[in-house]
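Undergrad: Following is a predicted model, sequence given first.
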Amino acid sequence: MTSFSFAFPRVIAVLTVVFLFNACTPDQGGRRQTTANTASDRVITIYHNSYLVPDQPIYDNFEKNTEYHVNVIPMPGREIVAKAKAGELAGGDFVVLEDLYQAHQLIQAGVVEPYNVGN
């Protein structure tokens, strides 16, 4: 296993968490008011190809500083792709996959939209 293939999933996981924190930072200081009416509206679901124990304090801190609960569902990347293609992967906010080919498969299946920086 090369260092790139070992580090890439961790980099993607860290970037996902950074984007979560950035998206939920209050603009004016203090806590942001939410318009969610039920507890189920305040859950962020992440389908993750692996569960990393060191990530749990990040999720705990996010939950403490926001009104959102983070639900991490560990699942192999191949299974995530198969369930998404079958329409069984409902309710996910983020998907962390093992490689770009799996992301390409989800885009080709019309499950996710591509995000192109700079276009």
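TA: Received, thanks.

Undergrad: For Gly110, see how far away Asn71 is.
TA: Applying Cβ to Cβ, to the nearest Å, the value for Asn71 to Gly110 is 24 Å. Quick note: C-beta positions are derived from backbone N, CA and C, even for glycine.

Undergrad: Quickly note the distance from Val70 to Leu89.
TA: Applying Cβ to Cβ to Val70 and Leu89 gives a distance of 17 Å.

Undergrad: When Asn71 and Gly110 are compared, which one has more neighbours?
TA: For Asn71 versus Gly110, the count of surrounding residues by other Cβ atoms under 10 Å is larger for Asn71: 14 against 9.

Undergrad: Any idea what the more buried one is bridged to?
TA: For Asn71, the beta-bridge partners under DSSP bridges are Thr45.

Undergrad: what do you get for Val95?
TA: Here Val95, judged by DSSP bridges, has bridge partners Tyr47.

Undergrad: Quick check: it vs Ser50, distance?
TA: The spacing between Val95 and Ser50, counted by Cβ to Cβ, is 13 Å.

Undergrad: more crowded one of those two?
TA: Neighbours were counted for Val95 and for Ser50 using other Cβ under 10 Å; Val95 has more, 23 against 14.

Undergrad: which intervals of the protein have sub-threshold pLDDT?
TA: 1-8, 11, 14-15, 17-40, 114-119 (pLDDT under 70).
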